[in-house]
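1. okay, predicted coordinates and the sequence, questions at the end:
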Amino acid sequence: MQQRVIACTSCHGVHGEGSPDSVAIPRLAGKPAGYLLQQLQYFQTGQRHHAPMEYVVSQLSPAYLRDIADYFAKQDVPYRKRPVPTVSAEITRRGEQLVLRGDSTRGVPSCVSCHGSKLTGVEPMMPGLMGLSYAYLNTQLVSWRTRTRAAEGPYCMGVVANRMRESDITAVSAWLASHEPPADMHPEPASAQTEPMPGWCVMGTSRAAQ
Amino acid sequence: MTWLRRGGWLLALLVVAAPGWWYFGHAGTPETSVAQRDADVAALHDPALVARGAYLATVGDCAACHTARNGQRYAGGRSLATPFGGVPAPNITPDPATGIGQWSFDDFWRALHQGKGHEGELLYPVFSYTSFTKVTRDDALAIFAYLKSLPAVQQPDTELGLSFPYSVRSSLVAWRALYFTPGVFQPDPARSAEWNRGAYLVQGLGHCNECHSTRNSLGGIKQDRYLTGGQIPALNWYAPDLSTQPGGGLAGWRAQDIVDLLKTGQSAKSVAFGPMADVVRNSTQHLTEADLQAVANYLQALPPPAPAPPGAASLQRAARAEHGGKLYAQRCADCHGGDGNGVAGVYPPLNGNTSVTEPTGINAIRSILLGGFAPATAGNPKPYSMPPFAPQLSDADVAAVVSYIRQSWSNQASAVQPAEVGRYRDTPVD
């Protein structure tokens, strides 16, 4: 399989560990398989945009996409240190607040409430937020906000990103990128998701809730 | 201003061809009695007819144009890029308001066979009626029955994106006089049944010539360029010459190589990529073995192309050869081999591969920049892939390595320049 997916690994690393040269190319290794498969499908259908990714997956079957998602989900390689942005103490405090506690005055839930208490993701669909670069995190939040990144529903992230201020996006991305990842980076099991999804974040309806 | 010149020429032709308008625009279709029409409608529900139509619609790859990305099959909604602007591919599900729900079979036949729409308007030839005119009435009926059996999807067509004078439909009168000859395929009794079946598929529903030929500045195809290859307008890939004779684009291909490529996306000679990967995945992989053999039989019988004039092929050779060779050894040789022969069934050969040596070099440039997978097909469900080198190699690097592979081993094609690489750095999506 490693040899078959060289079109993926030439950018994302042989084990999907991410690119040493580019902060824009994310790690794939160890992310929940369901999440990876969904992203591959979105690139194929144009619901997520990045032309080189859209082109590379264009000729693949659903079964092969699943194999590829499973392959990278199973990779277990150490995290790479990322360049850490320099931000003020105030921005760091705001970032920590949003990540760990959220901001109820703006209706923004904390990151940990969905992405796992250690922010390493939750099986089968929720991606981890640790070990990603500031540039990648920031770009994704802006994409959610502008709807260039989408989901069939729940469209929680689109709603959340639009409730955040632009400066909040910077603060969250900087805090996450600066935080030392935990030793165990595996996503938590599905049973770890104890908090219910917020009311506006229900499958199939959240797209309209914005 | 090429387009101005082109437009002027077209207008001049319009005037000259104006008397043809009455004939083309007003030739009526035969009236069908009500009783006959009701009988026809009942016959359309015959499951065998619908099933045959489904197969034929796949052979014709109708869904490729008539389906928007992530849209419902055959419901249109896609705008087809041409050098003259975007042309909507209409909804061909049986929705009465936005699809072909109101169409009779005679309407459908007139579109396929004569290139005219429901109101008799002249259709733009991005709808390949120049090929589909060869489809028999029986096959057209089966396709019509299949389309009528689809769930109706309400989806209006996209806007016509053509600029003047192409936006004026009557400009097509002149175009049709020059480049369109209506007529169902006539079998050649001197040839085998298999050859005739192959000819019918390739010339008609398969509409291979629409890409595998050179279009002039008006988008027309001259008969003497039939299947001799050409750059696909707007898409900018090179669809090779399809002759298997010496000097042909498929020189040295056995019938089995053709069948393999069309069935699995890969043969011992090459891999389908770019637009052909789409064609294989959506259409040709689903053809019956007999039809694939017929296509191969027909292509094997094509005459060799006229020899290309000797060009300045080896200009710049010395300057780039060393750099290109070094890059090849570092980046390409692990898979494609130092001898350029690839690995059978896994990595395509570059030596003797006419996708490498085609006249323009576009295919090699784009394949290196874009990388990607061979199409996933039933016959090759987990294809191998090629890295996209666009982020890693400069225009000069790509030009050097493309020139190297075009001039190494048995390959003798022209070098390419860095500026040509820069022109094709965009990533075609959809």
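-> Right, received. Where do you want to start? Numbering: from 1, shown residues only, chains lettered A, B, ... in the order given.

2. got a list of what the residue nearest the centre of chain B touches?
-> Nearest to the mean C-alpha position of chain B, by CA atoms, centre = their mean, lies B:C211 at 3.8 Å. Contacts here follow CB atoms under 8 Å, 6 or more residues apart in numbering or on different chains; on that basis B:C211 touches B:230, B:232, B:239, B:275. The way it works is simple: take the backbone N, C-alpha and C, and place the C-beta from them, glycine included.

3. tell me what the third one is bridged to.
-> Beta bridges link B:A239 to B:G230, judged by DSSP bridges.

4. could the contacts of B:C211 go into a markdown table alongside neighbour count and pLDDT?
-> Output for those, formatted as a markdown table (neighbours: other CB atoms under 10 Å in any protein chain shown; pLDDT from 0 to 100):
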| residue | neighbour count | pLDDT |
| --- | --- | --- |
| B:G230 | 21 | 94 |
| B:I232 | 18 | 92 |
| B:A239 | 26 | 96 |
| B:P275 | 16 | 95 |
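
5. specify which member of the residues you listed is nearest to chain A.
-> Nearest to chain A out of those is B:P275 (CB to the nearest CB; 10.8 Å).

6. I'd say that closest one and B:W237 touch.
-> Yes: using CB atoms under 8 Å, B:P275 is in contact with B:W237, at 5.6 Å.

7. what about B:S403, distance to chain A?
-> As judged by CB to the nearest CB, to the nearest Å, B:S403 and chain A stand 22 Å apart.

8. just give me the neighbour total for that residue.
-> By the criterion of other CB atoms under 10 Å in any protein chain shown, B:S403 has 26 neighbours.

9. check which helix or strand A:C114 maps to.
-> Secondary structure assignment for A:C114, by DSSP states H and E: helix A:112-115.

10. show the average pLDDT along that helix.
-> For helix A:112-115, mean pLDDT rounds to 90.

11. send the alpha carbons of that helix over as CSV?
-> Extracted in CSV, the C-alpha atoms of helix A:112-115 (Å, rounded to 0.1, in the frame of the first residue of the first chain):
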residue,chain,number,x,y,z
VAL,A,112,-12.2,20.2,23.9
SER,A,113,-16.0,19.7,24.1
CYS,A,114,-15.9,18.0,20.7
HIS,A,115,-12.3,17.3,19.7
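
12. mind giving me the packing neighbours of the following helix or strand past it?
-> As assigned by DSSP H and E, the chain's next helix or strand after helix A:112-115 is helix A:134-145. Judged by 3 or more CB pairs under 8 Å, 6 or more residues apart in numbering or on different chains; DSSP states H and E, helix A:134-145 is in contact with helix A:156-163, helix A:166-178.

13. still on that earlier bit, quick check: pLDDT value at the residue nearest to the centre of chain B.
-> So, for B:C211, pLDDT stands at 95.

14. with A:A192 instead?
-> 71.

15. just to revisit the earlier point, out of the contacts of B:C211, who's nearest B:P359?
-> B:G230 (9.1 Å; CB to CB).

16. isn't the closest one up against B:N236?
-> No: the criterion here is CB under 8 Å, and B:G230 misses it with B:N236 at 11.4 Å.

17. who's B:P88 bridged to?
-> Residues in beta-bridge contact with B:P88 (DSSP bridges): B:S79.

18. which regions of chain A sit below the pLDDT cut-off?
-> Scanning chain A for pLDDT under 70 picks out A:151-154, A:193-210.

19. show me where it has its helices.
-> A:6-12, A:33-45, A:51-56, A:62-74, A:89-100, A:112-115, A:134-145, A:156-163, A:166-178 (DSSP state H).

20. save those helices as TSV, and put in mean neighbour count too.
-> Output for the helices of chain A, formatted as TSV (neighbours: other CB atoms under 10 Å in any protein chain shown):
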stretch	mean neighbour count
helix A:6-12	21
helix A:33-45	21
helix A:51-56	21
helix A:62-74	18
helix A:89-100	16
helix A:112-115	19
helix A:134-145	20
helix A:156-163	19
helix A:166-178	21
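
21. any idea which of those helices gets closest to B:W109?
-> For those, the distance to B:W109 is smallest for helix A:33-45, at 34.3 Å, taking CB to CB.

22. okay, the spatially most central residue of chain A and A:M164: tell me how far apart.
-> When CA atoms, centre = their mean is applied to chain A, the residue found nearest the centroid is A:P127 (4.8 Å). Remark: distance between A:P127 and A:M164 (CB to CB, to the nearest Å) = 18 Å.

23. and what of B:G115?
-> B:G115 is 54 Å from A:M164, by CB to CB.

24. higher neighbour count, those two?
-> Using other CB under 10 Å as the criterion, B:G115 and A:M164 rank with B:G115 on top: 23 against 20.

25. gap between stretch A:111-125 and the chain center?
-> How far stretch A:111-125 lies from its chain's middle: 10 Å, per CA atoms, centre = their mean, to the nearest Å.

26. for residue 112, what are its contacts?
-> Reading this off chain A. A:99-100, A:119.

27. actually, chain B is the one I wanted.
-> By CB under 8 Å, 6+ apart, B:L112 lies in contact with B:129, B:132-133, B:135, B:140, B:143.

28. of those, which belong to helices?
-> Counted as lying in helices by DSSP H, out of those, are B:129, B:132, B:140, B:143.

29. let me have those in TSV, adding distance to chain A and neighbour count as columns.
-> Formatted as TSV, the ones in helices among the contacts of B:L112 follow (distance: CB to the nearest CB, whole Å; neighbours: other CB atoms under 10 Å in any protein chain shown):
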residue	distance to chain A	neighbour count
B:Y129	28	24
B:F132	26	22
B:A140	30	21
B:I143	25	26
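
30. could you check how far B:L261 is from chain A?
-> When B:L261 is compared with chain A (using CB to the nearest CB), they lie 14 Å apart.

31. give me the spatial nearest neighbour of that residue, chain neighbours excluded.
-> Nearest residue to B:L261, sequence neighbours excluded (CB to CB, 6 or more residues apart in numbering or on different chains): B:S267, at 4.1 Å.

32. now do B:D260
-> Distances taken as CB to CB, 6+ apart place B:S267 nearest to B:D260, at 3.9 Å, with adjacent residues excluded.

33. give me the pLDDT for that neighbour.
-> 95.

34. would you agree it is in contact with B:D257?
-> Yes: B:S267 is within contact range of B:D257, at 4.2 Å (criterion: CB under 8 Å).

35. can you read off the pLDDT for the nearest residue to A:Q59 once chain neighbours are set aside?
-> In this structure, A:Q59 finds its nearest non-sequential neighbour in B:P375, 4.1 Å apart by CB to CB, 6+ apart. On the pLDDT scale, B:P375 is placed at 97.

36. and for B:I365?
-> pLDDT, read off for B:I365, is 97.

37. contacting residues around it?
-> B:398, B:402, B:416, B:420-421, B:424.

38. what secondary structure does it sit in?
-> Classification of B:I365 by DSSP: H, G, I helix; E, B strand; the rest coil places it in helix.

39. more crowded one of B:S267 and B:D257?
-> B:S267 (21 against 18).

40. buried ones in stretch B:156-172, by neighbour count?
-> Within stretch B:156-172, the residues that count as buried by 16 or more other CB atoms under 10 Å in any protein chain shown are B:157-158, B:161-162, B:165-166, B:171-172.
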